[in-house]
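Trainee: Kindly generate the corresponding structure for this input.
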Amino acid sequence: AGCGGGPAAGGGKIGDGGVVLAVMNDQSGIYADTSGRKTVEAVKMAVADFKAKYGDKSVTGKIEVVSVDHQNKPEIANSKAQELYDRQHADVILDVPTSSAAFAVATVAKNKKKVFIDVGAASTEMEGKQCNKYTFHYGYNSYMLAHGTGTEVTKAGAKNWYIVYPDYAFGQDMQKTFATAIEGAGGAVVKSDPTPFPNDNFSTFLLKAPGLDPKPQVLGTMQAGGDLVNLVKQYNEYKLRDKGVGLAIGLLVLSDVHSLGPDALAGTHYTDMWYWNFDAKSRAWADKFQAKVGQRPTANMAGNYSAALQYLEAVQRAGTDKSDEVVRKLEGYKFEDAFARNATIRPQDHLLLHDAYLGEVKPKSEVKEPWDYIKILKTIPAAQAFQPQPDPACKL
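Mentor: Prediction:
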């Protein structure tokens, strides 16, 4: 089983002579900066940290990281997942942003009885009717985003919302969970509009916003990555803030703030699963990442580091990479690492529960060092951050 494996690595406990971690994400399109190739480096950091911790007591001496670009297309995600599990002997597939692509991978994982840990997709259906024994949802979901941002912004006085969302699984789910959170906090959704995905021109929707009746106090945008960057530029061009329509963002990533510059988003509230400069533990990992990659990590990059590390730890506890045994070691597991705080993998639906954070984008005048664009306003405890009960539609 490769060098340094020791006797523990033999005996057929580890298949195909080693453990293979596969990262599947967008490496060329609108979500490439959110996660992309730099996430592959984060996963390699997890492998290095795991090897350094266990040395020759590691369950295997051979751990490999492979990656593919799914181009945000479900049919490509489906064929690539089959290829990774069958031909490249992947033991786990990680990341997979874009909910429609994530559902395709979850189906393949279920059929092949192979582990899939999704970090990049937000749809709550991952732990609802699309759930299965081999799939885990890690990082964030639309409930976490909505019940942070939708609830808090409404409570702070923005009662009337106009929601625009990308017209695929992620956006449709975000629209539903945000509407529920806004109404639960005493607000109302004046109108919701689906937008093409991907899309570079949002003028039709933005120009309509100030004239809606009643007039919305806030535009809730559910776009992400490159789509969000385009929308915010146009929001600022049309001076909607000056016309009394504020901005709330469903899913904001550090790389988006970096692309736009903090002044384009100053004062915007959003919910995040992790922030690199939140505390000493996050920052120490972010320093190691920056030394290797040349930028501060997004929350997705940190989430994939954690998912890879916790998968390897589960293999170590199981003494094997056999899927059923690894799944048993993940279910119900409680841990803390550089990414997840107060974390538990809920056994009934495989959702990772952990603390989340309400953030606000600083104006450029308050940014004291590169990439430190966010002020964390409050920690949302794990018990409140995610849906309190598993969805009855989930049958593992």
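
Trainee: OK, contacts around the spatially most central residue of the chain?
Mentor: Nearest residue to the geometric centre of the chain (CA atoms, centre = their mean): G120, 3.6 Å. By CB atoms under 8 Å, 6 or more residues apart in numbering, the contact list for G120 reads 25, 31, 34-35, 95-98, 102, 139, 300. (Each C-beta comes from the backbone N, C-alpha and C, glycine too.)

Trainee: Please apply the same query to I14.
Mentor: Here I14 is in contact with 1, 59-60, 315, 320-321 (criterion: CB under 8 Å, 6+ apart).

Trainee: check which helix or strand covers the nearest residue to it once chain neighbours are set aside.
Mentor: Once flanking residues are discounted, I14 sits nearest to T60: 4.6 Å by CB to CB, 6 or more residues apart in numbering. Under the criterion DSSP states H and E, no helix or strand holds T60.

Trainee: and if you look at the one 5 residues further on?
Mentor: Here V65, judged by DSSP H and E, is contained in strand 63-69.

Trainee: tell me which residues in that strand are buried?
Mentor: If you call a residue buried by 16 or more other CB atoms under 10 Å, then strand 63-69 has these buried ones: 63-69.

Trainee: swap in stretch 158-173?
Mentor: 158-166, 168-173.

Trainee: So which of the contacts of G120 is the closest to D227?
Mentor: Nearest to D227, judged by CB to CB, of these is Y31 at 9.2 Å.

Trainee: Correct me if wrong: the closest one contacts N25.
Mentor: Yes. In this structure Y31 lies within contact range of N25 using CB atoms under 8 Å: 7.0 Å.

Trainee: Mutual contacts of these two, please.
Mentor: 97, 120.

Trainee: Strands of the stretch 1-150 of the chain, residue ranges please.
Mentor: 19-25, 63-69, 92-95, 115-118, 135-137 (DSSP state E, counting those that start in this stretch).

Trainee: my bad, should have said the stretch 151-300 of the chain
Mentor: 160-166, 188-195, 218-221, 246-249, 269-272.

Trainee: Could you export those strands to CSV, including columns for mean pLDDT?
Mentor: Converted to CSV, the strands of the stretch 151-300 of the chain look like this (pLDDT from 0 to 100):
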stretch, mean pLDDT
strand 160-166, 98
strand 188-195, 98
strand 218-221, 98
strand 246-249, 96
strand 269-272, 95
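
Trainee: Could you say which of the ones you listed is packed most deeply?
Mentor: strand 218-221 (a mean of 27; mean count of other CB atoms under 10 Å).

Trainee: which secondary structure elements does that one contact?
Mentor: strand 160-166, helix 225-237, strand 246-249 (3 or more CB pairs under 8 Å, 6 or more residues apart in numbering; DSSP states H and E).

Trainee: With respect to P198, which of these lies nearest?
Mentor: Closest among the helices and strands packed on strand 218-221, using CB to CB: helix 225-237, at 5.5 Å.

Trainee: Scan the contacts of G120 and report the most crowded one.
Mentor: D95 (34 neighbours; other CB atoms under 10 Å).

Trainee: Identify the bridge partners of that one.
Mentor: M24, D118 (DSSP bridges).

Trainee: re earlier: count of residues packed around the residue nearest to I14?
Mentor: 26.

Trainee: Can you check what pLDDT the model gives it?
Mentor: T60 is assigned 94 on the pLDDT scale.

Trainee: That one is in contact with D16, isn't it?
Mentor: No. Between T60 and D16 there is no contact, the gap being 10.2 Å when judged by CB under 8 Å.

Trainee: Next, show the common contact partners of those two.
Mentor: Going by CB under 8 Å, 6+ apart, no residue sits against T60 while also sitting against D16.

Trainee: what are the ranges of the helices in the protein?
Mentor: When assigned using DSSP state H, the helices of the chain occupy the ranges 36-54, 74-86, 99-112, 142-145, 151-155, 169-184, 203-208, 225-237, 254-260, 280-293, 299-318, 323-330, 382-385.

Trainee: which stretch among those helices comes nearest F339?
Mentor: Here helix 299-318 is closest among the helices of the chain (CB to CB), at 3.6 Å.

Trainee: So what's the gap between the closest one and the chain middle?
Mentor: Centroid displacement of helix 299-318 relative to its chain, using CA atoms, centre = their mean, to the nearest Å, is 14 Å.

Trainee: picking up where we left off before, redo the strands of the stretch 151-300 of the chain as JSON lines? Include distance to P363.
Mentor: Formatted as JSON lines, those follow (distance: least, CB to CB, whole Å):
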{"stretch": "strand 160-166", "distance to P363": "24"}
{"stretch": "strand 188-195", "distance to P363": "28"}
{"stretch": "strand 218-221", "distance to P363": "19"}
{"stretch": "strand 246-249", "distance to P363": "14"}
{"stretch": "strand 269-272", "distance to P363": "14"}
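
Trainee: and L206, which of the helices and strands packed on strand 218-221 is closest to it?
Mentor: Closest to L206 of the helices and strands packed on strand 218-221 is helix 225-237 (CB to CB; 5.6 Å).

Trainee: tell me the angle the closest one makes with helix 36-54.
Mentor: 130 degrees (axes from the mean of the first three to the mean of the last three CA atoms, to 10 degrees).

Trainee: what is the mean pLDDT for helix 225-237?
Mentor: Mean predicted lDDT for helix 225-237 stands at 97.

Trainee: quick thing: my sequence starts at 28, can you match it?
Mentor: OK, 28 is where the count begins now, so the last one is helix 252-264.

Trainee: And that helix, what does it pack against?
Mentor: helix 230-235, strand 245-248, strand 273-276, helix 281-287.

Trainee: Just put these in TSV and tack on distance to Y112.
Mentor: As requested, those are arranged in TSV below (distance: least, CB to CB, whole Å):
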stretch	distance to Y112
helix 230-235	40
strand 245-248	36
strand 273-276	35
helix 281-287	29
